[in-house]
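>>> What follows is a predicted protein model with its sequence.
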Amino acid sequence: MKLVKILLASSALTATAGAVSAEDMANEMTLVSWGGAYQASQLKAYVEPYLEMHPEVSVTWDESSAEAVAKLRAMNEAGNVTWDLVDATISDTMRLCDEGLVEEIDHDADLADAPDGTKASEDFGDLLVSDCFIPQIVYSTTFGYRTDMVGDTPPTSVCDIFDLEKYPGKRALQKRPIDNVEWALHCDGVAKDAIYDVLGTDEGVNQALAKLDTIKDQVVWWTAGAETPQLLADGEVVFGSTFNGRLFSAIAEQNQPIGMLWDMQSFDLDGWVVPAGLPADRKARVMDFLKFATDTQRLADQAKYISYGPARMSSAPLVGKHAELGIDMAPHMPTDPANSGNVHVYDYEWWADNRDDLNAKFEAWLAK
Amino acid sequence: MSDMTEMSGPVLAADGTPLKRSLNKALRRQKMRALLLISPLLLFIMVSFILPIADMLYRSVENKIVIETLPRSVKALADWDSASGELPQEAVYAAMAADLKDAAEAKTHTKVGTRLNYENPGMSSVFRKTGRKAKKFDLETGGPWKEALIEINEDWADPDVWRTIQTYSPPVTAGYFLNAVDMRVGSDGAEMRPESEQIYMNLLKRTLWMSLLITFSCIVLAYPVAWLLANLPTRQANLLMILVLLPFWTSLLVRTSAWKILLQQQGVINDILVWIGLVSDDARLVIINNQFGTIVAMTHILLPFMILPMYSVMQTIPPTYLRAAKSLGATDWTAFWRVYFPQTIPGIGAGSILVFILAIGYYITPALVGGTKGTFISNQIAFHISTSLNWGLASALGAILLAVVLVLYWAYDKIVGIDNVKLG
C-alpha cells in the first residue's frame, strides 16, 4: 500500500511540475509504416540515428499503413491505441483528422526550425494541408513506359496514354478514380485549373469516363504499387502508372528497359500522424522523436535511400547521392525542375468530399 | 414386473427419493459438467463470433451521431417542410450555429460531416469549413445566423443540405441498407439510384454466380482425385495427399501471383501456345484479369476444401459394394452411378457448402486476378471498411451477404437435407 501511495504521489508531482524530462518519456515506440524500401529509408535516415542518441529506447515496426485508417478507428473504439506514430498518405490523414482519430499539431511549436531559423510552418509551406499532418516526402504517381516498345518516338505527354494508334498495347492504371479522371479530362481539352469545376458536375464525370472508355479494353487495372513495375518488366503493358519510387528502383536498381514520363505527374504527400489520446509519457516520446525525424537534415538524408522529395524546402539543397548506387538523386526527384514542368496537384479537399461518390460511379463504369 | 405397474406411489430409488427426481438430479449434474467443459469454447464463440456479428448488424442501422451532435437543429428542423423548396427559418440557422459551436469545441463537427457526406457528397466540407469558424461564434450578438452561415459557406443556402440533415436525423436509419441495394432516400421516399451509380446488386449477383461456378468446377476436379486417394495403396495415397495439402502450406498471395505469371499474355501458358503454333503471337489469349482468371485461381485455392471431405467419405465406402453390384450384373457405369455415387453425396454436400461459403467471402484473389469483371462484393466491403470508413454500408453489405448464405443453407437443408452432410 505504502509503495503505491509513494508512486502515486511522485507521479502526481511530476505531472504538476509539467516539464517533460527524459524520465517521463516512454521507452518503447511503435511506428507504423509501409514496409519495403520506404520503411528502410526511414529506418536508415532517422530511426537508427535516433536510437543511437537514445539507447534506452526501443522501436517496434508495424507494417500496417495500408490499413491505418480502419485499424486506428477500431483501436480508438476499443479504447486501446497501441500505435505511437503512423505514416499515412494525405487523403487518409484527412479522414483520420475529420474523425478526430489523430492529434492536431502545432507545427511551429512541435517541429524543428530550419537551420537558418525559418519557422517550420513556412519551411513546409503549402504542404501543410491538414492540421494533423506532418509531411515527410513528396511523391508522385506518374507513368513509366517500355523503351523498347514505343519505337523511335518515346512519349512526351500524358495524353499519349490515350493514343492507341501511336502506342498500341496495354496500359496499367490504378483501379480508382483519383488521378485517372483528371488525366482523362486534361487530355480531353479541359484546362488544368478547371478540372475540379468540371468534375463537380455529372456531365464532367461522364466526360472523363467517356475519355477513359476509349482505352478501357486496353487497360490492366492495378491495386498494389508493385504490380506496374512487374507488368512493365514482363512486357505485359507499354505504359503503366505507379509511384515514382517504384519506377526508380525498377530502372536504377534492376536495370529494366523502362523510361519515365513525368508529364502531368500527380503530386501526393506522405507524412506522420500522431494517434489521438496517447498517454502523456508515450506522447512525450513521440513528439521528441518527431522533432528530430522531421528536421531539415533528416528529411534530406531520407532521399539518399529512396527517390521521394523531402517535404521541407530547406532540405532540397542537401539532397545528395544514393547511399549504395552512388548516383545523383536530384534528377530522380519528382520535385526536380526538369521533371516538374507540368505537374498535377491533386485537390485533397475536393476528393475528401467526393471520393465515395466518384468511386461508386467509377465502379459502376468498370463493371459495364 | 406386474408388481411394479400395480404400485400406486412414485417409483423410489434405493435411498428412498423418487426415482424420477434422483434421475433428474444425476442428469442435471451431467449436463452441468458438460456445459462446464464446453464453456471455454462457448465463451470464445460468444466473444469472437456472436458479439461481432451482432455489433455489425447494429452498425448497419445505427445513426445516433446526427441527433447527438446537432440536437437543437434536428428539433428546429422538425417543422420544416423539405418539399417546399424554401430555406428553413432563422430559428433553424440559429440552432445550427449553436450546435456547430459546441460540436467544433468537442471536435465532432467533422464526424457528422463525414456521416452526412455518405448521403450527399460535399457535406463533409460544409461542416469542416464552417466548423473552423464556429468556435468563435458569439451566440448573443453574431446573428442573424442565416446570413452569417451562408456567408461562411454558400451551401447553407442549398435546401438539399437541410433536407439531408432532416432525412438522416433519426437515430436509426435504413439509409445504409438502401444504399447496399442501389437505392436512396429521394425527395419522395425510397427510389433507385441512377444507373450510373448502381453497383452492389450486380456485384452480388456476380458473386453468387461465380461462386457457384467455382464450386462446380471444384466438384468436377476434386471427385477423381478424392477417388484416387481413397483407392490407391497407402504409400501412393500418402504421396498424393501431400500434393493435395501442399498448397495449404503456401501463402495465398504466392499462389495467386503464380497464376498471374502462368496466365498473363506474356506468360507461360500463352508462350507455350504460341511456341507450338496454336495461337499467333499477336492474338495471345486473354485469360487473366477477367472472370476466367478469378475462377481458375480460386478453384485452385479452394480445391483442397472439396477434396478432403470427399476423400474422408469415400474412405468409408466398402469396395465390396461395387463388387457386389457388378457380380449381380451391373455394368461399370451402373455400379458407379447407382451404388457408389449416391454414397458419396454427403461428401460432395459438405465440400460444396465449405467451398461456396468460402468463395463468396473471398476478396484478395479476385482483387489481384479479377480485373474489372471478376471482382466480388467482398472487394467493396473491404473498400468501405479500410478506405472509405463507411462501416455502416460495409455492415449492411455484410448483413445482406450473411442473409443470402442463410437462405441458401436453408434451401440446401430443404432439398438435400443437412443430415446428409458428412465430413467423414
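Yep, that arrived.
>>> Confirm for me that A:Ala276 is in contact with A:Gly100.
Yes. With contact defined as C-beta atoms under 8 Å, A:Ala276 counts as touching A:Gly100 (6.2 Å). Placement of C-beta: from N, CA and C, glycine included.
>>> The longest helix along chain B near chain A anywhere?
The longest helix of chain B (DSSP state H) is helix B:200-231. Yes. Helix B:200-231 comes into contact with chain A (C-beta under 8 Å from any C-beta of the partner chain), by way of B:Asn202, B:Leu203, B:Arg206.
>>> which of those residues are buried?
Using 16 or more other C-beta atoms under 10 Å in any protein chain shown as the burial test, the residues of helix B:200-231 next to chain A include B:Leu203, B:Arg206 as buried.
>>> Please enumerate residues in contact with stretch A:346-354?
Residues from elsewhere that reach stretch A:346-354, judged by C-beta atoms under 8 Å, 6 or more residues apart in numbering or on different chains: A:90-91, A:94-95, A:98, A:129-130, A:178-179, A:182, A:196, A:199-200, A:266-268, B:117, B:121-125, B:128.
>>> Now do that stretch, average pLDDT.
For stretch A:346-354, the mean per-residue pLDDT is 87.
>>> Tell me which residues of it come out buried.
Quick answer for stretch A:346-354 (16+ other C-beta under 10 Å): A:Tyr346, A:Tyr348, A:Trp350, A:Trp351, A:Ala352, A:Asp353, A:Asn354.
>>> gap between that stretch and the chain center?
15 Å (C-alpha atoms, centre = their mean, to the nearest Å).
>>> thinking again about what came up before, tell me which of the contacts of stretch A:346-354 fall in strands.
A:Ser266, A:Phe267, A:Asp268 (DSSP state E).
>>> Could you check how far the second one is from chain B?
It refers to A:Phe267. Here the distance between A:Phe267 and chain B works out to 20 Å (C-beta to the nearest C-beta, to the nearest Å).
>>> Rebuild the ones in strands among the contacts of stretch A:346-354 as a markdown table, extending it with neighbour count, distance to A:Phe124 and pLDDT.
Compiled in a markdown table, these are given as follows (neighbours: other C-beta atoms under 10 Å in any protein chain shown; distance: C-beta to C-beta, whole Å; pLDDT from 0 to 100):
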| residue | neighbour count | distance to A:Phe124 | pLDDT |
| --- | --- | --- | --- |
| A:Ser266 | 21 | 20 | 94 |
| A:Phe267 | 19 | 14 | 91 |
| A:Asp268 | 23 | 15 | 91 |
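>>> Output the residues you listed in CSV; the columns should cover distance to A:Gly225.
Listed next are the ones in strands among the contacts of stretch A:346-354 as CSV, based on distance: C-beta to C-beta, whole Å:
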residue, distance to A:Gly225
A:Ser266, 14
A:Phe267, 16
A:Asp268, 12
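>>> in stretch A:63-72, what's buried?
So, applying 16+ other C-beta under 10 Å, buried residues of stretch A:63-72: A:Ser64, A:Ser65, A:Ala66, A:Glu67, A:Ala68, A:Val69, A:Ala70, A:Lys71, A:Leu72.
>>> Whether it contacts chain B - can you check?
Yes. Counting by C-beta under 8 Å from any C-beta, chain B is contacted by stretch A:63-72 at A:Ala66, A:Glu67, A:Val69, A:Ala70.
>>> Would you mind confirming that the second one is in contact with B:Ser386?
What it means is A:Glu67. Yes. A:Glu67 is within contact range of B:Ser386, at 5.1 Å (criterion: C-beta under 8 Å).
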